[in-house]
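> sequence and computational prediction follow.
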Amino acid sequence: MSRLTEQIVTLLKELEFNDEEIKVYLYILRKKEFVEKDIFELGIAENETLNIIEKFKGMGLIIEGTNKRFKCLHPRMGITNVYKILEEKVLNSLKEKRKKAELLVRFLTSYYEK
């Protein structure tokens, strides 16, 4: 594996891609347009491949065209979409933690003031 490929893999893992998703993403990125059966060549189980395709559609990495053909978006757009989803997930998690912290402050304040 080249140094560039190693860096790409490391960065994709930082964006929560697993090994199979990385393999598929790098494949479709070079292919640009594909059908489901093209990905079966990678040796990934059919049901896992279909799950990855659905996940990639939901992440905004690929779009479905006519005749069950898919198109991989340019990385500038696709990875930006992935980042936005992760950012929203993190922000929602922080909002939930803030609510819990505020509730805890109320409980502890009454505990402290007794």
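Happy to help now that I have it.

> please report how far Lys100 lies from Lys89.
Plainly put, Lys100 is 17 Å away from Lys89 if you go by CB to CB, to the nearest Å. Where you see a C-beta, it was placed from the backbone N, CA and C, and this is true even at glycine.

> if you could redo that for Leu73, that was the one I meant.
Noted for Leu73: a distance of 20 Å to Lys89, by CB to CB.

> higher neighbour count, these two?
Comparing Leu73 with Lys89 by other CB atoms under 10 Å, the one with more neighbours is Leu73, at 19 against 11.

> residues contacting Met77?
Shown in contact with Met77 (CB atoms under 8 Å, 6 or more residues apart in numbering): Gly60.

> just the buried residues of the least confident helix or strand in the chain by mean pLDDT, please?
Every helix and strand of the chain was ranked by mean pLDDT, DSSP states H and E. The lowest is helix 36-40, at a mean of 91. By neighbour count on 16 or more other CB atoms under 10 Å, the buried set for helix 36-40 is Ile39.
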